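Enquirer: Curious how this folds, go ahead:
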Amino acid sequence: MLGHVSVGVRDLAAATRFYDAVLAPIGWVRLWTDPKGLGYGPPGGGEKLNVFAHADARPPGPGFHLCFNARSDADVAAFHAAALTNGGTDNGAPGLRPQYDPDYYAAFVADSEGWKLEALHKASWD
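Expert: Reported below is the predicted structural model:
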């Protein structure tokens with residue numbers, strides 16, 4: 001089982017605004033903050049995503065993205081909207097992706113530094 005993922009960003013202030021906004025719709029909160037980074041995860045749980053400031057940080061190349069499980073299709077849409085409002089770019093609007101699975105409802109974005117992110121909800125999880 002994966003414990004957590006850490007990503008590096010050049011602009012921690014911009015990343016703070018972005019990740020605070022996009023992770024709220026999926027039920028995650030900022031769990032810790034220090035001058036060099038942030039930690040996010042479910043309330044009362046351990047961090048699952050750490051964001052650290054590094055002057056030479058770069059996201060990985062093609063084929064890599066982080067996927068966050070959402071509780072509903074509406075949460076996927078809210079994740080996508082929050083990303084676009086807070087400096088992210090659209091890499092795939094919220095909607096069904098039947099090529100992956102009949103109830104695969106997802107949205108794809110990139111943060112302002114190029115980290116590729118997905119929010120996913122499947123009705124079969126409900």
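Enquirer: could you measure residue 119 against residue 83, distance?
Expert: Plainly put, residue 119 is 9 Å away from residue 83 if you go by C-beta to C-beta, to the nearest Å. Every C-beta, even on glycine, is put in place using the N, C-alpha and C of the backbone.
Enquirer: what pLDDT does the residue nearest to residue 115 when sequence neighbours are not counted get?
Expert: Counting by C-beta to C-beta, 6 or more residues apart in numbering, the nearest residue to residue 115 once its immediate chain neighbours are dropped is residue 59, at 4.5 Å. Per-residue pLDDT puts residue 59 at 93.
Enquirer: Would you check that residue 59 makes contact with residue 7?
Expert: Yes: at 7.3 Å, residue 59 counts as touching residue 7 under the criterion of C-beta atoms under 8 Å.
Enquirer: any shared contact partners between the two?
Expert: Residues touching both residue 59 and residue 7 (C-beta atoms under 8 Å, 6 or more residues apart in numbering): residue 115.
Enquirer: So these two - more neighbours on which side?
Expert: residue 7 (20 against 16; other C-beta atoms under 10 Å).
Enquirer: ok, that one - contacts?
Expert: 49-52, 57, 59, 66, 115.
Enquirer: Surely residue 106 and residue 99 touch.
Expert: No: using C-beta under 8 Å, residue 106 makes no contact with residue 99, being 11.0 Å away.
Enquirer: The two: who's more crowded?
Expert: Shown here are residue 106 and residue 99; by other C-beta under 10 Å, residue 106 has more neighbours (24 against 7).
Enquirer: Please, which helix or strand holds that one?
Expert: strand 104-110 (DSSP states H and E).
Enquirer: all strands of the protein, in order?
Expert: 5-9, 29-34, 37-41, 49-53, 66-69, 89-96, 104-110, 116-122 (DSSP state E).
Enquirer: right, and those - which one's nearest residue 20?
Expert: strand 29-34 (6.0 Å; C-beta to C-beta).
Enquirer: Return the set of buried residues in that closest one.
Expert: 30-31 (16 or more other C-beta atoms under 10 Å).
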